[in-house]
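J.: Just the structure for this:
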Amino acid sequence: MDFNEVYFSRKSVHPFHYRSKVLGLGMPPIPHFRPHRLSFLIEAEWYKRFQASDFDVVHPIEYGLSPTGQHFIDRGASLVITVYDLIHEKFGAPGNLYDKQGRTSFYKKANGLIFISESTRRDFNSFYPELTESIPNEVVYLGNNFVQSGEVVLQRKAQFLFVGSRSGYKNFENACKAFELLSEKFKDVKFIVAGPPPSKIDRKVSSGIRKIEWVTKPSDMELARLFSSSLGLLYVSRYEGFGLPPLEAMSLGCVPIAGNHSSIPEVLGDAGIMLQDVSDPRLICNSMENLLADEAFRKERVVAGIERSRHFDWKIAQSKTLSLYRKSIRFKRDT
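T.: I've put the predicted structure just below:
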C-alpha cells in the first residue's frame, strides 16, 4: 500500500519526533511568520491552501492535536500516536492533559500506536489495557544519532558525564553524592553536567563536588565531543521510556552506568554497567571507580557498547513506522 504524505501534527517541537527526512516522506514546510515582518493575512491564506490538501496519516509529535491535525483526521486521515513513556501516569503531573481521563480520550482516537520500547508498551498496557488489545501497535526503537568514525580513543580524560534533565526521577542528587565519594579518593576527576542551566537546587546538591563543569544546552557536536572524551555516563534515572543518552554514549566509547530497570536493559543489552539499586550512591561510586582503576575492564565495556549501539538504526525505525502507518490506514478503513 502506497500513500501520499504524512502530516506531523504539532503544537511545539518534540526532541524525539520521527523527522520527515528519516522517514523519507513528504512534509510541506510550515513557516513561522513574525507578526512584525509578514502580514497575518499571508499566513491565513497559506493555511487555507494547506488545509485543502489530503493526508493519509496524522502523526502527532507530542501529546494532543493541533487544530490542523484534527482537520485532516476529520477528512479521513488515520491517527498514529507515539508513546514515549508513562512518566506522568507513574509519577503524577498537574494539568488536565495528563490526567488519565484526558489521555484515555486522546489515545482512543488512535488508529495506530508506536511505543519506543517494550517497557513502555508494558507500562501503557498496565494503565490502558483495553487500548493495546484493540488498536494496531508496534515497538519502534529510536535510532542512533552518533556514529563512531575511525578507532575509538581509549585514553580519555578523568571525567564523567551527566546529560539531560535533572528533575526528581532523574536521580541527580544521588549522582552528586556518588561523585562526592569518588572525588575523595580521586582528587582530579571532573564531573561534567550537560543540559539546561543549573537551578539553585542543582547547585545546592552538587556543592560538595570538588571539580564540576556545567555545559548549558549543548549542541549535538558538543555532546559528541563530551561522549568521546569521557570515561563514563551517569544515567541513574529511576525510570526511562527509552534512554537515548546511553545509546549515544556507547556508540562513542563512553560507558553508561545505569539502573537495571524499565527500558534500560533493552538499550544496554549486555553492555554498559547496570545497577540493581540507583538510590545507593556507593554502588554508583564503585562503578565509576572500576572504570578509572581497571583499564582492561573499561576496554571490554567500551567494545561491548560500540557493538550494542549498532543494533539501533533509523532505517529499521523507518521500516517499522511505515508498516504501522499502513496498518493504521487499514484499521481506520475497516472500523
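
J.: only C-alpha atoms for contact and neighbour calcs from this point on.
T.: Fine.

J.: List the buried residues for the longest helix belonging to the chain?
T.: For the chain, the helix with the greatest residue count under DSSP state H is helix 314-334. Across helix 314-334, burial judged by 16 or more other C-alpha atoms under 10 Å covers 314, 317-318, 320-322, 324-329, 331-332.

J.: between those residues, which is nearest residue 261?
T.: Nearest to residue 261 out of these is residue 317 (C-alpha to C-alpha; 23.1 Å).

J.: Surely the closest one touches residue 142?
T.: Yes: using C-alpha atoms under 8 Å, residue 317 makes contact with residue 142 at a distance of 6.5 Å.

J.: what's the closest non-adjacent residue to residue 178?
T.: residue 281 (4.3 Å; C-alpha to C-alpha, 6 or more residues apart in numbering).

J.: wait, that neighbour sits on residue 172?
T.: No: judged on C-alpha under 8 Å, residue 281 makes no contact with residue 172 at a distance of 10.6 Å.

J.: got the contact list for the longest helix of the chain?
T.: 1, 22-23, 56-57, 77-80, 111-114, 135-138, 140-144 (C-alpha atoms under 8 Å, 6 or more residues apart in numbering).

J.: Tell me which stretches of the stretch 1-150 of the chain form strands.
T.: In the stretch 1-150 of the chain, the strands defined using DSSP state E, counting those that start in this stretch lie at 6-7, 57-58, 78-83, 112-115, 137-139.

J.: which of those strands is buried the deepest?
T.: By mean neighbour count, with neighbours taken as mean count of other C-alpha atoms under 10 Å, strand 57-58 ranks first of the strands of the stretch 1-150 of the chain at a mean of 27.

J.: Tell me which other helices or strands that strand touches.
T.: When contacts are defined as 3 or more C-alpha pairs under 8 Å, 6 or more residues apart in numbering; DSSP states H and E, strand 57-58 sits against strand 6-7, helix 67-74, strand 78-83.

J.: Domain map for the protein?
T.: 6-143+313-334, 159-309 (automatic domain parsing).

J.: got the buried residues for stretch 209-221?
T.: 209, 211, 212, 214, 215, 218.

J.: So which of those residues are in strands?
T.: 212, 214, 215 (DSSP state E).

J.: Ignoring the adjacent residues along the chain, who's closest to residue 170?
T.: Residue 170 sits nearest to residue 237 (C-alpha to C-alpha, 6+ apart), 4.1 Å away.

J.: and the one you found, what is it in contact with?
T.: 169, 170, 171, 172, 258, 259, 278.

J.: measure the closest residue in space to the first one that isn't next to it in sequence to residue 63 for me?
T.: What it means is residue 169. The spatially closest residue to residue 169, leaving aside those adjacent along the chain, is residue 238, at 5.3 Å (C-alpha to C-alpha, 6+ apart). For residue 238, the distance to residue 63 equals 22 Å [C-alpha to C-alpha, to the nearest Å].

J.: Wait, residue 267 touches residue 247, no?
T.: Yes: using C-alpha under 8 Å, residue 267 makes contact with residue 247 at a distance of 6.7 Å.

J.: The two - which one has more neighbours?
T.: Neighbours were counted for residue 267 and for residue 247 using other C-alpha atoms under 10 Å; residue 247 has more, 29 against 22.

J.: pretty sure that one contacts residue 268?
T.: Yes: at 7.4 Å, residue 247 and residue 268 qualify as touching, with contact defined as C-alpha under 8 Å.

J.: that older thread, now render the buried residues of helix 314-334 as TSV, adding pLDDT and distance to residue 186.
T.: Putting the buried residues of helix 314-334 into TSV (pLDDT from 0 to 100; distance: C-alpha to C-alpha, whole Å) gives the following:
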residue	pLDDT	distance to residue 186
314	91	39
317	92	42
318	91	45
320	95	46
321	94	47
322	93	50
324	96	50
325	95	52
326	95	55
327	96	55
328	96	55
329	95	58
331	96	59
332	94	60
